[in-house]
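*Asks:* Sequence and predicted structure are below.
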Amino acid sequence: MQQAAAPKISFVSLGCPKALVDSERIITRLRAEGYELARKHDGADIVIVNTCGFLDSAKQESLGAIGEAMAANGKVIVTGCMGAEPEQIEAAYPGVLSITGPQQYESVLDAVHRALPPVHNPHLDLMPPQGIKLTPRHYAYLKISEGCNNRCSFCIIPKLRGDLVSRPANEVLREAENLVKAGVKELLVVSQDTSAYGVDVKYATSIWKDREVRAKFFDLAKELGELGAWVRLQYVYPYPHVDEVIGLMNTNKNVLPYLDIPFQHAAPEVLKAMKRPAAQDKTLARIKKWREECPDLTLRSTFIVGFPGETESDFQYLLDWLEEAQIDRVGAFKYESVAGAPSNALGNAVPEEIKQQRWNALMARQQVISAKRLKRKVGTRQQVIIDEVGPTVSKGRSKSDAPDIDGAVYVSSRRPLRVGEIVTAKIERADAYDLHGTVAGF
């Protein structure tokens, strides 16, 4: 008897790493039920689009992706952040099969089942314990919680994804262990507010390896560091207890000396208007203390210029703060209004041309800071994880570089390197954002 052909699904994943994890979970469930992934929309039985709805520009990108899927295929299921407020999607594309919000995995699967019932093949439907990953094999995003309790005035994420819901520590650690066993060399810990992990469950304990582990930022980082892979902490708000993790970076070589902290601004009045959490007034002193305790610490941050009411003196305050803080890696965004965000009602909008001027000035200032900090690494030896191999020069990242958002390390080698290999490189040259060197020991 001939086996029925497996139904094929094309998948589009937009937005941040947290949305990518959602996509991985949906795809893992679908593959476990016998669905296959198609490379093109027109070769698929159905298309799933995981949307982003954080900014209006992201919503336009999502609508564009839905439009392409409708034109090429016609059978489209929409999920993700934009799906939490479906009116715009329904108005533009009334023919979509289903619209659901973020993290609604069961609803997505139900919609797929209705439109395209699964064909189970017990010989093909065995899933690896780590599930399906959309990142390269050697690194993976590890999402430890959903939602956010903060109410920043420019952000609608809590409206889209709800309040903080932390995963049990043993569940996170089990997933991480499976990933490491499958060959993952770097775990990128993500959530909307990573350092708030566990506050919603009062840091409840769960059993892991015959011992109790608290659902707390420090405890989780410590346990993850024991699994043998690099652990990179991202989206960390600077609450006081973050100080504890700095010491951990000195004692556990796998907990990378890297913190991604979205400061967003420095001027007190702007931060007040943004309704940013955590005390900001002592940030510079804390950064200084962190670097004294952990000299190799790399700090990454993002900033918004042109926030409603931002004055020239506020912006100058930010530039001066950057000069003193010496943040290693910086991303900057021009303020963009988002439908439903409280900041829309603030008034005192900054003209677009002023936003652009300030963005240019901030990036120019940061380029000088970045070049100066990278130059200090010339002559040092750095561990580098290889992302892309070339005939003589390969591209990788040091412990100071997260994939897709930070710089790179270009290394030459007399032997072939492998993707995912961690090598020691002697740094010979630096430019504004990248390092260049040679694999040591040959």
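*Replies:* Received, thanks.
*Asks:* going forward, measure contacts and count neighbours with C-alpha atoms only.
*Replies:* Will do.
*Asks:* For the closest residue in space to V213 that isn't next to it in sequence, list each beta-bridge partner.
*Replies:* Sequence neighbours aside, T205 is the residue nearest to V213 in space, at 5.1 Å (criterion: CA to CA, 6 or more residues apart in numbering). Applying DSSP bridges to T205 gives these bridge partners: R214.
*Asks:* now E36
*Replies:* Beta-bridge partners, per DSSP bridges, of E36: K8.
*Asks:* Report the contact partners of it.
*Replies:* For E36, the contact set (CA atoms under 8 Å, 6 or more residues apart in numbering) comprises A6, P7, K8, I9, L30.
*Asks:* Just the buried ones out of these, please.
*Replies:* A6, P7, K8, I9, L30 (16 or more other CA atoms under 10 Å).
*Asks:* picking up where we left off before, which residues does the residue nearest to V213 contact?
*Replies:* Contacts of T205 by CA under 8 Å, 6+ apart are P168, A169, E212, V213, R214, A215.
*Asks:* Which stretches in the stretch 1-150 of the chain count as strands?
*Replies:* Taking DSSP state E, counting those that start in this stretch to define them, one finds strands in the stretch 1-150 of the chain at 8-13, 36-37, 46-51, 76-80, 98-99, 139-143, 145-146.
*Asks:* which helices and strands does the first one pack with?
*Replies:* Which is strand 8-13. helix 17-32, strand 36-37, strand 46-51 (3 or more CA pairs under 8 Å, 6 or more residues apart in numbering; DSSP states H and E).
*Asks:* For the closest residue in space to Q356 that isn't next to it in sequence, give me its contacts.
*Replies:* Nearest non-adjacent residue to Q356, counting by CA to CA, 6+ apart: K334, 7.1 Å away. Contact analysis of K334 by CA under 8 Å, 6+ apart lists I304, V305, G306, F307, K355, Q356, W359.
*Asks:* Mind checking which of the residues you listed land in helices?
*Replies:* In this view, those that belong to helices under DSSP state H are K355, Q356, W359.
*Asks:* K159 versus the first one, what's the distance?
*Replies:* Which is K355. 27 Å (CA to CA, to the nearest Å).
*Asks:* Out of the contacts of K334, which is nearest to F154?
*Replies:* Nearest to F154 among these is F307, at 8.8 Å by CA to CA.
*Asks:* That closest one: neighbour count?
*Replies:* 27 (other CA atoms under 10 Å).
*Asks:* Name the nearest residue to it, sequence neighbours excluded.
*Replies:* F307's closest residue in space is Y335 (CA to CA, 6+ apart), at 5.3 Å.
*Asks:* how close does the one you found sit to L14?
*Replies:* Distance from Y335 to L14, by CA to CA: 20 Å.
*Asks:* Y317 now?
*Replies:* Distance from Y317 to L14, by CA to CA: 34 Å.
*Asks:* rewinding a little: of all pairs in the contacts of E36, which one spans the longest distance?
*Replies:* Checking those with CA to CA, the most distant pair is A6 and L30, at 11.2 Å.
*Asks:* Tell me where the chain is predicted with low confidence.
*Replies:* 1-4, 119-135, 277-281, 441-442 (pLDDT under 70).
*Asks:* In the stretch 201-350 of the chain, mark out all the helices, start to finish.
*Replies:* Secondary structure of the stretch 201-350 of the chain by DSSP state H, counting those that start in this stretch: the helices cover 217-224, 242-251, 268-274, 283-293, 312-325.
*Asks:* For D42, find the nearest of the ones you listed.
*Replies:* helix 217-224 (41.7 Å).
*Asks:* so what does that closest one touch, helix or strand wise?
*Replies:* Using 3+ CA pairs under 8 Å, 6+ apart: helix 217-224 touches helix 169-181, strand 211-214, helix 242-251, strand 255-260.
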